[in-house]
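Chemist: Got a predicted structure here, sequence first:
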Amino acid sequence: MPRGNKTTSVLKLLEGPQTLGKGPGFWSGCAVVLALACAYPLFADGYDVGNNVYFFNWVFMALGLSLIWGYGGALSFGQTAFFGVAGYAYGVFTINLGDAYGLTLVSLVAAVGLSALFAGVLGYFLFFGRISGVFLGIVTLSVTLVLERFMSQTAGPEWAIGSARLNGFNGMGGMPSLTIPWFGADIALYPDVGLYYLTLALLVVVYLALRMLVNSRFGNVLVAIRENPQRAEMLGYDIRRYQLVAFVIGSALAGLSGVLYTAWGNYITPSSMGMSAAALPVVWVAVGGRSDLTTTLFGTLLVLAGFQYLTIYGSQYALVVMGFLLVVTILLAPSGIFISLGSFFSRGLRRRQARESI
Amino acid sequence: MDFLSGLFSFLYQTGDAFAFLVLSACGLAVIFGMMGIINLAHGEFILCGAYVTTSAVRMGLPLPIAILVGTLVAGLVGMLLERVIIRHLYARPLDSIVVTWGISMIVTQGTLIILGSTMPGTGTPFGSFTVAGYGYSVYRFVLMLAAVATLAVLWLIFTRTRFGILARATIQVPHIAEALGVNTSLIYSLTFGLGAALAGLCGGLYAPTMTLVPTMGSAFVVEAFVTVVVGGADIFLGTAPAAAILAVVKAGLTSWQGQLAGQIGLLVAVIVVIRILPRGLTGFILRERT
């Protein structure tokens, strides 16, 4: 049965050298976490559940950045550019097309595709121009800052695509939520339990798919490029192509975040592409541990929860704390808090064992 | 006459753009050339220079001295930062860039919390004059002169002083310089301070012409980034010619389509240029020479 073999060999990629966590212990832990996440709406108010979808919306962008930066070793500081492009594209498409016949889902795919295309064009010039780490970071950052400034000045009535007004600094609003066509009546996914489950399902699919990707041949080559680009090239890999593909996938995930965010809040502003917006994904990914998908996932949720908590008690201090967190993490725990804590404790354990054996 | 006044207007705009690009980029380029890192807190050193200069003017100091104070304060803050944080990350250049971003977040938001959302400015000195019906600010010419003077002083520092020679030695082969008795860690510290001071100078010079807000640094960084990207690692072979070329592009697009088009055009030009010249103008000129 060749087909069965193929399925098992694909499933085997869920574990591998490039991802932490394997064996029944890890996966049953995952199942417990997933079960808790699924059970959460049963114990909470629909309104709160809808608000908390917000946290999941950002994780896609963080996972994408983990792929580009953590696995590929390319600093991309402008992931928010793709977030914004896809968010605005979703707004323009849905306002013009409406939400009937599942057209919002078509708009979702089209908007993510557009951000991937944008990433492809930009990435072609960057990677095939053999831009090294530093320059890649500042060019992508410049792109997102210029996009922010461009969108901020689109206030006048002449800045409209079809019937969608771009609305300048105040941002674009009034686009419909995601709507699933259904017999009888369409299901509109307002920020509520339904949207929660859809986003959670998407997150699980993306997480597992990325695990397979980084453990596949592609992922191994990508990590080889991160470790030593020259060696990878000497071994015959076209590093430009691998990095470009990783960049496009990661940026499409940022675009997915943008679409989900826009559909969730029915709103997107230019400041979502600004300097502090661009810094936040870097903070999440660096604090959690950029070189692994699982630590990125949990780190992002943890930092976002902390940020939200701080915002309630004094929004202006939240960004200062984020800055401190970034500086302290890079200085003291460069591979992220989870891995650093893990190695700290295991070192302590080993020392104690050594003492006891004496 | 019409042609001449048009030409004058274009030259004025080009000169203005050149001054802006040189002044905002040279601090970044000094640090990049030395350590290979991009200081993402560059905009915040500009902010520091602008705020200190304006406060000094409000306290009654004349503008040139106030600008000097702003420059010095930014430089000292830069050296302090290098001692406390950047120093530990020389082995990890990419991480040091991320750290400077964290610093930038702290400073921008901290300024907003402590000093409020805006600071009253001082007004542009010297007034303006008129050519063929269009008004031109005299202070803009001062800025152009300042840009040229800054380049000249930097050239003197790097070629004629002991610090400059030691710094160039450290750039070329750090460990040999160290083996020959150069205190490279001091050189790094001083260079970072010099870069920060140049950013402060830029902030001080532009402070009278701008609204002072905590995010004003980001008005400079895009131009500074693209100039350094096009220029490459060397100030005189890279940053200065890159600024000259980009100034023409920017002035042309600005007078044709407006300020934003100038900025977007600049960025697009840069992305295309790096596809052709990956190591910037520095790499191009050095390759031609060898």
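Modeler: The structure has been received and is ready for your questions.
Chemist: Chain A contacts on the stretch 1-150 of chain B?
Modeler: B:32, B:36-38, B:40, B:85, B:88-89, B:92-95, B:97-99, B:101-106, B:108-110, B:112-113 (Cβ under 8 Å from any Cβ of the partner chain). Just so you know, the C-beta spots here come from the backbone N, C-alpha and C atoms, and that holds for glycine as well.
Chemist: Grab the nearest non-local neighbour of the residue most central in space within chain A.
Modeler: Central residue of chain A (Cα atoms, centre = their mean): A:M61, 1.6 Å from the mean position. Nearest residue to A:M61 in three dimensions, chain neighbours excluded: A:S257, at 3.8 Å (Cβ to Cβ, 6 or more residues apart in numbering or on different chains).
Chemist: ok, now which ones touch that neighbour?
Modeler: A:N57, A:W58, A:V59, A:F60, A:M61, A:G64, A:F83, A:A86 (Cβ atoms under 8 Å, 6 or more residues apart in numbering or on different chains).
Chemist: For the residues you listed, give me JSON lines that also has secondary structure and pLDDT.
Modeler: Listed next are these as JSON lines, based on DSSP: H, G, I helix; E, B strand; the rest coil; pLDDT from 0 to 100:
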{"residue": "A:N57", "secondary structure": "helix", "pLDDT": "89"}
{"residue": "A:W58", "secondary structure": "helix", "pLDDT": "90"}
{"residue": "A:V59", "secondary structure": "helix", "pLDDT": "92"}
{"residue": "A:F60", "secondary structure": "helix", "pLDDT": "93"}
{"residue": "A:M61", "secondary structure": "helix", "pLDDT": "93"}
{"residue": "A:G64", "secondary structure": "helix", "pLDDT": "93"}
{"residue": "A:F83", "secondary structure": "helix", "pLDDT": "93"}
{"residue": "A:A86", "secondary structure": "helix", "pLDDT": "93"}
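Chemist: And these, which is closest to A:G133?
Modeler: Distance to A:G133, by Cβ to Cβ, is smallest for A:G64 among these, at 17.6 Å.
Chemist: follow-up on the earlier one: can you flag the buried ones in the residues of the stretch 1-150 of chain B next to chain A?
Modeler: Taking 16 or more other Cβ atoms under 10 Å in any protein chain shown as the criterion, what is buried in these is B:32, B:36-38, B:40, B:85, B:89, B:94-95, B:97-99, B:101-106, B:108-110, B:112.
Chemist: so is A:Y124 in a helix, a strand, or just coil?
Modeler: Three-state call for A:Y124 (DSSP: H, G, I helix; E, B strand; the rest coil): helix.
Chemist: Wait, it touches A:L244, no?
Modeler: Yes: using Cβ atoms under 8 Å, A:Y124 makes contact with A:L244 at a distance of 6.6 Å.
Chemist: More neighbours: which of the two?
Modeler: The residue with more neighbours, out of A:Y124 and A:L244 and counting by other Cβ atoms under 10 Å in any protein chain shown, is A:L244; that gives 21 against 16.
Chemist: Per-residue pLDDT of B:I176, please?
Modeler: If you check B:I176, the pLDDT there is 87.
Chemist: Now it: which helix or strand?
Modeler: Using DSSP states H and E, B:I176 maps to helix B:174-179.
Chemist: For that helix, C-alpha coordinates in PDB please.
Modeler: C-alpha atoms of helix B:174-179 as PDB (Å, rounded to 0.1, in the frame of the first residue of the first chain):
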ATOM      1  CA  PRO B 174      40.400  44.000  14.700                       C
ATOM      2  CA  HIS B 175      42.500  41.300  16.300                       C
ATOM      3  CA  ILE B 176      45.800  42.500  14.600                       C
ATOM      4  CA  ALA B 177      45.100  46.000  15.800                       C
ATOM      5  CA  GLU B 178      44.600  44.600  19.300                       C
ATOM      6  CA  ALA B 179      47.800  42.600  19.100                       C
END
